[in-house]
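Participant: Sequence and predicted structure, then a few things I'm wondering about:
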Amino acid sequence: MSAEPTKAIQIFFSYAHEDEALRKELEKQLSFLKRRGLISGWNDRDIKAGEEWSFAINTHLNSAQIILLLVSPDFMASDYCYSFEMKRAIDRHKAGEARVIPIILRPVYWKDAPFGTLQVLPTDAKPVTSWSNRDEAFLDIATGIRKTVQELLTPSPVIVPQKTKEQWLEEGDTFFDREDYEKALSAYEQAIRFDLNNVRAYNSKGNALYNLKRYEEALAAYEQVIRLASNNAQAYNSKGNALYNLRLYNEALVSYEQAIRLAPNNASAYNGKGNALYNLKHYEEALAAHEDAIRLAPNEAFYHTNKGNELQDLKRHDEALAVYEQAIRLAPNYARAYNGKGNALYSLKHYEEALAAYEQAIRLAPNYARAYNGKGNIFRDLKQYEEALAAYEQAIRLDQKYAAAHNGKGNALYNLKRYEEALAACEQAIRLDSNNVTYQNNRNHVLKFLRKST
C-alpha cells in the first residue's frame, strides 16, 4: 500500500515591488521543493485578471503556513507591507497558525521591528545584496526554508498533552453551543495545533469566526477545509455565506452553486444562492432559487420570507403578502416576516394594516431599523410629516448607515420646509449609496428649490 501523498506547505511572499527581481531569484532556489510537491508559493503577481486584489491577498495571507517577509528599505517604507501584511503575519505567528521567516534582502535597520526577535535569514542576517555571490546567499536562504518545511511536514514527537485533540474539539463545541465564540475559537485552534489537516477543526474554527463577524478570517478557514476535502459541500456553502457577508455576491454565487452540485438537496445552499442573486438584482432567478429551497424545506419561515422579498421587488404584491403570511404561520414571532408583510401592504396602499404589521415587527424586535423606516414611509404618504421624521430618525439611531432612512428623513424635512436640513439628509443618503438615482434626484430637487429661494 502506498503512503498518502504529503500536502504541499503553502508559502506567502510579502515584499515590495521594487524587490521583485530578488524575489524571483529566491523562487528559483526554492523550485526543487516545489517540484517535489513539498511547497506551493504565492505572491501578488499570481492575482488573476478581474480578481479583487485585496481579497486575494487576504485569503492567501490568512491560509499560508509559511510567510516570508522580504525585508528591504522599500519593504520597511511600504505602509501596506509593514502595517498590514507584516502585522497579520506576526499575529498568525504568535497564534501558532503560521511560521514567519524574515529574509534580509538589502541593508536596512530592522532590529526594532515587530519581527526583530525572530530568526532571520540569510545566516548572520547578512543582506543578500552584501554577499559577493548572490547564488550562495539564496542557497543559504533556501536551505533554512527547507528546514522549516521539513519541521512542518514531520509529525511532532509523541507527548502526553493536557488535553487531546478530541477534547479540545469537544470543549470548542461546548463553548460554541453557549454562544461563547471567542472561547470556542481558542479551543478549535488548540485542536488544529495537534493536527494541521483536521477538517472538522478548521470548519468549526470558520463557524466561530463567522459568528464573531470576522468574515475574512472565516473565509480563510473554510478555504482550508476545501483544500483538505474538496468535495465538502457544507464548506462551499459556508464559504458562500462568508463571501455574501463581505458583499462579494458574484463570488458567493459561484460557491453556493458548487455546494449545490455536490449536494443537490441542500436547501441552505439554494437559499444562499437566492440571496446572492437577489442582491445582484436578478429577482426572477432569485425567486426560483428560493422556491427550490422551500421545496426541500417547506417549513422554513426564513426561506418563505426571502421569496416574499423577490415577489415584492417584482411588484407582485398580492403574492408577496400571501407568502409573508405563510412565513408568519410557520413562525409567529418572526419579526422579519411581519416587516415584509408591512412592505407588501404598504405597496397595496393598505396603510392601516401595514402600520400594524410594522408595529408588530417592532414589538418582536425593538431594534429593527427597517420597520421604523416602513412606518416613516406610511406617515410620509399620509402627509403626517412630523411623525414620519420621528420614525426615520429612530431608524437612523438604530442603523446610522441606513441610506433609505436618511433619504426618507430628507423627504420629511423638505415637506416641513426645513430645506437646509433636508439637503444635508439627502447628501448623507448619497454618501451611503452613491449609485442610487432616486436619492440623487431628491437632492437635486432640494437644491433647485434652494436656488430659487435665494
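Facilitator: That came through, no problem. Quick caveat: nothing in here was measured; it's all calculated off a predicted structure.
Participant: can you list the domain ranges for this structure.
Facilitator: Listed by automatic domain parsing, the domain ranges of the chain are 9-153, 384-454.
Participant: quick one: contacts of stretch 265-278?
Facilitator: Outside stretch 265-278, the residues that touch it by Cβ atoms under 8 Å, 6 or more residues apart in numbering are 233-234, 236-237, 240-241, 244, 249-250, 252-253, 256-257, 259-260, 263, 283, 285-290, 292-294, 296-297, 300, 302-303, 306-307, 309-310, 313. Placement of C-beta: from N, CA and C, glycine included.
Participant: JSON lines for the domains of the chain, including distance to Ala361, mean pLDDT and mean neighbour count?
Facilitator: Output for those, formatted as JSON lines (distance: least, Cβ to Cβ, whole Å; pLDDT from 0 to 100; neighbours: other Cβ atoms under 10 Å):
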{"stretch": "domain 9-153", "distance to Ala361": "35", "mean pLDDT": "89", "mean neighbour count": "17"}
{"stretch": "domain 384-454", "distance to Ala361": "12", "mean pLDDT": "92", "mean neighbour count": "18"}
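Participant: Could you dump these into CSV and include distance to Tyr372?
Facilitator: Formatted as CSV, the domains of the chain follow (distance: least, Cβ to Cβ, whole Å):
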stretch, distance to Tyr372
domain 9-153, 34
domain 384-454, 4
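Participant: how far away is Leu113 from Arg88?
Facilitator: Small correction: residue 113 is Ala, not Leu. Ala113 is 15 Å from Arg88, where distance means Cβ to Cβ, to the nearest Å.
Participant: hey, where'd the helices end up in the stretch 151-300 of the chain?
Facilitator: 165-177, 181-194, 199-211, 215-228, 233-245, 249-262, 267-279, 283-296 (DSSP state H, counting those that start in this stretch).
Participant: and of those, who's closest to Ala424?
Facilitator: Among the helices of the stretch 151-300 of the chain, the nearest to Ala424 by Cβ to Cβ is helix 267-279 (28.5 Å).
Participant: and that closest one, how far out from the chain's middle?
Facilitator: Remark: helix 267-279 is offset 16 Å from the chain centroid, using Cα atoms, centre = their mean, to the nearest Å.
Participant: relative to helix 233-245, how tilted is that helix?
Facilitator: Here the directions of helix 267-279 and helix 233-245 differ by 20 degrees (axes from the mean of the first three to the mean of the last three Cα atoms, to 10 degrees).
Participant: Distance to Asn333, mean neighbour count and mean pLDDT added to the helices of the stretch 151-300 of the chain, as TSV?
Facilitator: Below are those laid out as TSV (distance: least, Cβ to Cβ, whole Å; neighbours: other Cβ atoms under 10 Å; pLDDT from 0 to 100):
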stretch	distance to Asn333	mean neighbour count	mean pLDDT
helix 165-177	22	17	94
helix 181-194	24	20	93
helix 199-211	22	23	96
helix 215-228	28	22	95
helix 233-245	24	24	96
helix 249-262	28	20	97
helix 267-279	20	24	96
helix 283-296	20	20	97
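Participant: could you dump the ones you listed to JSON lines with distance to Leu398?
Facilitator: Output for the helices of the stretch 151-300 of the chain, formatted as JSON lines (distance: least, Cβ to Cβ, whole Å):
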{"stretch": "helix 165-177", "distance to Leu398": "28"}
{"stretch": "helix 181-194", "distance to Leu398": "23"}
{"stretch": "helix 199-211", "distance to Leu398": "21"}
{"stretch": "helix 215-228", "distance to Leu398": "22"}
{"stretch": "helix 233-245", "distance to Leu398": "19"}
{"stretch": "helix 249-262", "distance to Leu398": "25"}
{"stretch": "helix 267-279", "distance to Leu398": "21"}
{"stretch": "helix 283-296", "distance to Leu398": "26"}
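Participant: Of all these, which one is nearest Leu423?
Facilitator: Checking those against Leu423 by Cβ to Cβ gives helix 267-279 as the closest, at 29.5 Å.
Participant: mind saving the C-alpha coords of that closest one as CSV?
Facilitator: Below are the C-alpha coordinates for helix 267-279, written out as CSV (Å, rounded to 0.1, in the frame of the first residue of the first chain):
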residue,chain,number,x,y,z
ALA,A,267,-31.8,23.7,1.0
SER,A,268,-29.5,26.2,2.7
ALA,A,269,-27.3,26.4,-0.4
TYR,A,270,-30.3,27.2,-2.6
ASN,A,271,-31.3,29.9,-0.1
GLY,A,272,-27.8,31.4,-0.2
LYS,A,273,-27.9,31.3,-4.0
GLY,A,274,-31.2,33.1,-3.9
ASN,A,275,-29.9,35.8,-1.5
ALA,A,276,-26.8,36.4,-3.7
LEU,A,277,-29.0,36.6,-6.9
TYR,A,278,-31.4,39.0,-5.0
ASN,A,279,-28.5,41.4,-4.2
